[in-house]
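Chemist: Here you go, sequence then predicted model.
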Amino acid sequence: MKTLDTLNFDNRFARLPEKLFSRVTPRGFARPHLVAFNPDVAALLDLDPAEAQKPDFCAFFGGQKVLPGSEPLAMKYTGHQFGIHNPELGDGRGMLLGQVRNSKGETWDLHLKGAGQTPYSRFGDGRAVLRSSIREYLGSEAMHHLGIPSTRALCIIGSDEPVQREKTEHGAMLLRVADTHIRFGHFEWLHHSSQPELLKALADHVIANHYPECRDDTQPYARFFDEVVKRTARLMAQWQLVGFAHGVMNTDNFSITGTTFDYGPFGFLDAYEPGYICNHSDHSGRYAWNQQPSVGLWNLNALAHGLSGLIEHDALVASLQSYEHALLAHYGAGLRAKLGLQEERPEDRDLGIGFLDLLMKNGADYTRSFRALATLKTTGEKPALRDDFVDREAFDAWLLRYQARLHAENSDDAARRIRMNAVNPKYILRNYLAQIAIDKADNGDYSEIDKLYRLLQRPFDEQPENENYASLPPDWGRHMEISCSS
């Protein structure tokens with residue numbers, strides 16, 4: 001196991017041309033303290049978890065000291081924010097400390113969020129707040145354990161430093177861990193600023209380190225883009241299947257490796273509302289939950305423009321045209337699994353959409369309803385789930401179709417329940433649960449963060465001791481919109 005002094009840094013990004021970044025130094029908190037620590041992420045880095053108890057841990061990840069072997073830098077990129085290209089972007093409140101290679105040969109980015117101003121902070125203070133750091137720490141862990149590619153976080157470091165947002169809040173730093181922090185916006189910047197040599201160097205770097213299967217292809221850049229399209233289509237399907245809303249799907253918030261990235265005002269569906277908007281700044285609903293798949297394609301189109309100097313037009317178009325088929329294939333397979341169906345049949349799509357339509361018209365809870373489907377019997381009494389629907393006749397009619405479909409493939413109730421409970425979570429990070437943890441943390445009590453962290457590691461398990469965490473949200477916790485400010 002490694003100590004903080006012996007982490008195996010292999011800073012590949014820092015060896016790229018320096019036009020791609022600016023060297024920076026963290027601005028530390030005067031009195032940093034540990035809020036949360038993730039031993040599973042420490043294991044990714046081969047870091048001894050006992051290191052978290054040492055005073056230097058807060059000094060390193062609270063910005064007072066620079067980790068031996070790290071080379072802090074702020075990346076430069078641009079991107080489309082709410083559909084409008086912004087050339088003045090970059091790491092404005094985060095710093096890439098470097099890449100750590102573990103004993104398995106995996107390489108992980110360490111990114112310190114909230115470490116102070118950089119050349120790209122514009123008018124910002126370069127800080128993050130405790131509220132948003134808790135949400136990202138828990139949200140990224142929730143997504144990982146739901147089986148969805150995501151960044152993760154090693155720790156949250158708190159402070160008594162005041163940070164002004166809509167109100168005065170406590171400053172915090174989050175140590176984010178990811179396969180890479182390279183975004184669609186990197187390639188947009190290099191294309192729109194006419195830097196073809198740098199663009200090629202960055203594409204070569206990404207292919208070598210994250211898409212090695214493309215390196216020996218006769219058209220490596222075209223193959224690379226095609227793989228990005230496939231990964232993004234799969235990610236969008238996964239978001240929709242679990243009811244996750246990102247909230248700020250700007251191209252600078254899209255990872256080049258198809259990973260859920262840059263958690264801001266995200267949320268999970270409670271009642272099934274396809275037009276759910278979790279970001280209170282999204283007045284037009286551009287990033288509403290039901291718009292996410294189309295925004296994924298829009299962002300890929302922006303990336304295609306960024307790569308157009310390396311890839312022929314027809315190849316770009318062909319890859320973009322494959323997006324819808326890949327998305328629907330992943331979503332269709334996932335929806336069948338959520339319904340407990342093992343065989344693919346033509347009527348499955350209408351059956352799944354029919355259930356979603358019932359959820360929408362009756363305001364039923366998305367996660368709880370799919371979980372409860374596993375308890376339905378192919379014959380016998382009407383299920384308890386029926387009571388969640390105002391229109392009982394419509395539910396009964398759908399239930400008859402569902403039971404007939406299960407009979408058609410000789411479905412076994414007990415085996416189906418096991419399969420369905422393995423894909424339909426019982427526990428998700430509902431906004432009100434995160435808010436309770438935030439409110440307690442604001443008063444110096446971090447116990448709820450740790451409790452949610454442990455709960456969300458096993459989202460598909462019954463966990464009877466935590467049954468209350470699967471309850472419907474209270475009145476105050478429904479329809480919560482989250483601020484972009486962090």
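Modeler: That came through fine. Numbering: from 1, shown residues only.
Chemist: Any buried residues in the longest helix belonging to the chain, and which?
Modeler: Counting by DSSP state H, the longest helix found in the chain is helix 313-338. For helix 313-338, a neighbour-count test (16 or more other CB atoms under 10 Å) marks 315-316, 319-320, 323, 326-327, 330-331, 334-338 as buried. Every residue, glycine included, has its C-beta placed from N, CA and C.
Chemist: Just put those residues in TSV and tack on distance to residue 389 and pLDDT.
Modeler: TSV is the format used below for these (distance: CB to CB, whole Å; pLDDT from 0 to 100):
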residue	distance to residue 389	pLDDT
315	48	98
316	46	98
319	42	98
320	40	98
323	35	98
326	33	98
327	29	98
330	28	98
331	24	98
334	23	98
335	19	98
336	22	98
337	23	98
338	18	98
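Chemist: The longest helix of the chain: what's the following helix or strand?
Modeler: For helix 313-338, the following helix or strand on the C-terminal side (DSSP states H and E) is helix 348-362.
Chemist: Could you grab the helix/strand/coil label for residue 239?
Modeler: The three-state label given to residue 239 by DSSP: H, G, I helix; E, B strand; the rest coil is helix.
Chemist: isn't residue 281 right next to residue 482, touching?
Modeler: No. The pair residue 281 / residue 482 is not scored as a contact, 9.4 Å apart, by CB atoms under 8 Å.
Chemist: Which neighbours do those two have in common?
Modeler: residue 265 (CB atoms under 8 Å, 6 or more residues apart in numbering).
Chemist: how about the helices in the stretch 201-350 of the chain?
Modeler: 220-242, 292-306, 313-338, 348-362 (DSSP state H, counting those that start in this stretch).
Chemist: ok and the last one relative to helix 313-338, angle-wise?
Modeler: Interaxial angle, helix 348-362 versus helix 313-338 (axes from the mean of the first three to the mean of the last three CA atoms, to 10 degrees): 70 degrees.
Chemist: Restricting to C-alpha, output helix 348-362 in CSV.
Modeler: The C-alpha trace of helix 348-362 is given here as CSV (Å, rounded to 0.1, in the frame of the first residue of the first chain):
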residue,chain,number,x,y,z
ASP,A,348,-42.2,-5.4,-25.7
ARG,A,349,-41.7,-1.7,-26.6
ASP,A,350,-45.4,-1.0,-26.4
LEU,A,351,-45.7,-2.9,-23.1
GLY,A,352,-42.8,-0.8,-21.5
ILE,A,353,-44.1,2.5,-22.8
GLY,A,354,-47.6,1.5,-21.6
PHE,A,355,-46.2,1.1,-18.1
LEU,A,356,-44.4,4.4,-18.3
ASP,A,357,-47.6,6.1,-19.5
LEU,A,358,-49.4,4.7,-16.5
LEU,A,359,-46.7,6.1,-14.2
MET,A,360,-46.9,9.5,-15.8
LYS,A,361,-50.7,9.8,-15.7
ASN,A,362,-51.0,8.6,-12.1
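Chemist: how far out from the middle of the chain is that helix?
Modeler: Mean-position distance between helix 348-362 and its chain equals 26 Å (CA atoms, centre = their mean, to the nearest Å).
Chemist: Identify all contacting residues around that helix.
Modeler: So helix 348-362 is in contact with 271-274, 332, 335-336, 338-339, 341, 364-366, 369, 373, 388-391, 394-395, 398, 401-402, 405, going by CB under 8 Å, 6+ apart.
Chemist: domains of the protein?
Modeler: 13-184, 339-421 (automatic domain parsing).
Chemist: Could I get these in JSON lines, plus columns for distance to residue 196?
Modeler: Listed next are the domains of the chain as JSON lines, based on distance: least, CB to CB, whole Å:
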{"stretch": "domain 13-184", "distance to residue 196": "13"}
{"stretch": "domain 339-421", "distance to residue 196": "44"}
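Chemist: ranking those domains by burial, who's on top?
Modeler: Of all the domains of the chain, domain 13-184 has the most neighbours on average by mean count of other CB atoms under 10 Å, namely a mean of 20.
Chemist: Just the endpoints, please. Distance across that one?
Modeler: Domain 13-184 has an end-to-end distance of 16 Å (criterion: CA to CA, to the nearest Å).
Chemist: What mean pLDDT does it get?
Modeler: Averaged across domain 13-184, pLDDT comes to 97.
Chemist: do stretch 346-360 as well
Modeler: 97.
Chemist: show me what contacts residue 3?
Modeler: 47, 48, 51.
Chemist: for the residues you listed, which one is nearest residue 421?
Modeler: residue 47 (33.6 Å; CB to CB).
Chemist: Hmm, that closest one is touching residue 7, no?
Modeler: Yes. Contact criterion CB under 8 Å: residue 47 and residue 7 qualify, at 6.7 Å.
Chemist: Give me the below-cutoff pLDDT ranges for the stretch 301-450 of the chain.
Modeler: Across the stretch 301-450 of the chain, not a single residue meets the criterion (pLDDT under 70).
Chemist: again, 90 this time
Modeler: Applying pLDDT under 90 to the stretch 301-450 of the chain picks out residues 378-382.
Chemist: follow-up on the earlier one: switch the buried residues of helix 313-338 over to TSV; also include distance to residue 212.
Modeler: TSV is the format used below for the buried residues of helix 313-338 (distance: CB to CB, whole Å):
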residue	distance to residue 212
315	20
316	22
319	19
320	24
323	23
326	21
327	25
330	23
331	28
334	28
335	32
336	32
337	30
338	33
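Chemist: Of those residues, which is the nearest to residue 77?
Modeler: residue 316 (20.2 Å).
Chemist: Pull the contacting residues for the closest one.
Modeler: 222, 225, 304, 307, 308.
Chemist: Isn't the first one up against residue 311?
Modeler: Yes. At 4.8 Å, residue 222 and residue 311 qualify as touching, with contact defined as CB under 8 Å.
Chemist: Appreciated, that's everything.
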